[in-house]
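Q: Predicted model, plus sequence, below.
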Amino acid sequence: MSFSKLKFGSTIGIIGGGQLGKMMAQSAQKMGYKVIVLDPDNACPCQYVAHEFIHANYDDQEALNQLGELSDVITYEFENISSKQLQSLVSQYNIPQGYEAIQTLQDRLIEKQSLQKAQTQIANFIQLTEPKDLSIAIEQIGYPFIVKTRFGGYDGKGQILVKDQSYLDEAEVLISKQECVAEQFLDLHKEVSLTVTIGKDNQITYFPLQENEHQNQILFKTIVPARTDKEQEARSEVKKIIEHIHFVGTFTVEFFIDTQNNLYVNEIAPRPHNSGHYSIEACDYSQFDTHILAITGQKLPERIQLLKPSIMMNLLGRDLDILEDQFSNHPEWHVHIYGKNVRKPDRKMGHLTVLTDDINETEQLLLNKFEGRHN
Ligand code: ADP
Ligand code: MG
């Protein structure tokens, strides 16, 4: 596998053309690369900014090979592509990220077992192969616990919080359809995440620790720097993880901090992450810039500078409904609209980032603006 610097004018192939693919493409183009994207959605956000578009399903082997033939390097914007197909592509084409990280992280059970092997602190969990395994969860973890599908979950989809026995029927239905894991439900004080890029010769670059708030399990806002003293501890956890999982490019580790101020690793996204979007305006390099530098074999900046504290808020369909008329009055809002042509209340349609010297005041002003959102 070649890992020397990719020349300007070379082509980067991206599997997946959502907003992450689009923002990757924008960084790649700034640096002089061409972009080809493969996506099953004819109207995906990235295809409007890509040089070429392959309209195909993610498991269409012929289309994946076509992407391989046309690209000098391949990357992906999400983790739910088949690791087997990725493995076969890795043997034929230049894919510096490899397939192992995806293979580990697309299965919550294997992910948790790897985190355990790496000796990171994680919430207690057990495997749920069939509905009757719930009795083991009740015995070994106890209420409340959260049932999560092994495969394919995102934004809280495929999860049931089992507060007491009245939720067992619902959990049984889920487990009878798909294998799951049960995980201790923690009493959370805060959620934080750390975005990291690994480049050539295993160079590591960390973004500042990000503080995240979710609503209905979808990221609502990110504040940077995180208002906690856990940054060094989070970096130490990441160091343990990268000894066990081989990463190249940008990835994000999500953490929980419980009310006792203990830090737990939640999950890892092997790609740029929603909680790193603020870096486009608030840092000297964005998480997409460093990702492209990494996969094109270039040196990374040694340290990422946060230019100013910042707040990123997601714009779901329900938020756009109440806020879009106000954008023109707020030049301090860096508004990103992804270009999805169907608006749905819970669909991520865009985000906005505000750089500020007074996080608390700006947070309050923004919350007032988002107040009308109907959950
Ligand atoms: P997804 O893949 O959907 O992002 P997560 O496991 O990150 O799944 O869960 C989504 C959100 O649900 C978390 O960010 C957190 O707010 C909440 N959550 C998940 N697991 C737990 C837990 N064990 N304890 C407390 N809250 C949790
Ligand atoms: Mg998550």
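A: Great, that's in hand. Residues are numbered from 1 along each chain as shown. Ligands and ions are numbered 1, 2, ... in the order given.

Q: Buried residues, stretch 181-188. List them.
A: V181, A182, E183, Q184, F185, L186 (16 or more other C-beta atoms under 10 Å). The C-beta positions use only the backbone N, C-alpha and C, and glycine is treated the same way.

Q: Quick check: the third one is in a strand.
A: Yes - per DSSP: H, G, I helix; E, B strand; the rest coil, E183 lies within a strand segment.

Q: Would you mind measuring from it to Y338?
A: Per C-beta to C-beta, to the nearest Å, E183 is found 31 Å from Y338.

Q: Ligand 1 contacts on the stretch 251-375 of the chain?
A: E254, N266, E267 (C-beta under 6 Å from any ligand atom).

Q: okay if I get these as TSV plus distance to Y285 and secondary structure?
A: Converted to TSV, those look like this (distance: C-beta to C-beta, whole Å; DSSP: H, G, I helix; E, B strand; the rest coil):
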residue	distance to Y285	secondary structure
E254	21	strand
N266	25	strand
E267	24	strand
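
Q: any chance of these in CSV, plus distance to R227 and pLDDT?
A: As requested, those are exported to CSV (distance: C-beta to C-beta, whole Å; pLDDT from 0 to 100):
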residue, distance to R227, pLDDT
E254, 17, 98
N266, 18, 98
E267, 22, 96
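
Q: quick one: which of the residues you listed is most hemmed in?
A: E254 (19 neighbours; other C-beta atoms under 10 Å).

Q: Now do the same for stretch 358-373: mean pLDDT, whole number.
A: Mean pLDDT, computed over stretch 358-373, is 92.

Q: List every C-alpha atom in it, with coordinates, as CSV.
A: The C-alpha trace of stretch 358-373 is given here as CSV (Å, rounded to 0.1, in the frame of the first residue of the first chain):
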residue,chain,number,x,y,z
ASP,A,358,-18.3,34.5,26.4
ILE,A,359,-19.5,30.9,26.1
ASN,A,360,-22.2,31.2,28.8
GLU,A,361,-23.7,34.3,27.4
THR,A,362,-23.7,33.0,23.8
GLU,A,363,-25.1,29.7,24.9
GLN,A,364,-28.0,31.4,26.6
LEU,A,365,-28.7,33.6,23.5
LEU,A,366,-28.7,30.6,21.2
LEU,A,367,-30.9,28.6,23.6
ASN,A,368,-33.4,31.4,23.5
LYS,A,369,-33.4,31.2,19.7
PHE,A,370,-33.9,27.4,19.7
GLU,A,371,-36.5,27.6,22.4
GLY,A,372,-39.5,27.3,20.0
ARG,A,373,-38.3,23.9,18.8
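
Q: List the buried residues in it.
A: Applying 16+ other C-beta under 10 Å to stretch 358-373 flags I359, T362, E363, L366, K369, F370 as buried.

Q: got a markdown table for the residues you listed, with distance to G153 and secondary structure too?
A: Putting the buried residues of stretch 358-373 into a markdown table (distance: C-beta to C-beta, whole Å; three-state DSSP) gives the following:
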| residue | distance to G153 | secondary structure |
| --- | --- | --- |
| I359 | 31 | helix |
| T362 | 32 | helix |
| E363 | 29 | helix |
| L366 | 28 | helix |
| K369 | 30 | helix |
| F370 | 25 | helix |
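
Q: Closest to the centroid, which residue in this protein?
A: Centroid check for the chain by C-alpha atoms, centre = their mean gives H273 as the closest residue, at 3.1 Å.

Q: I'd say that residue and V253 touch.
A: No - at 9.2 Å, H273 does not count as touching V253 under the criterion of C-beta atoms under 8 Å.

Q: Give me the common contacts of the two.
A: S193 (C-beta atoms under 8 Å, 6 or more residues apart in numbering).

Q: Direction included, what does whichever strand or helix holds G13 pair against?
A: Assigned by DSSP states H and E, G13 falls within strand 11-15. With DSSP bridges as the test, strand 11-15 is paired with strand 34-39 (parallel), strand 73-76 (parallel).
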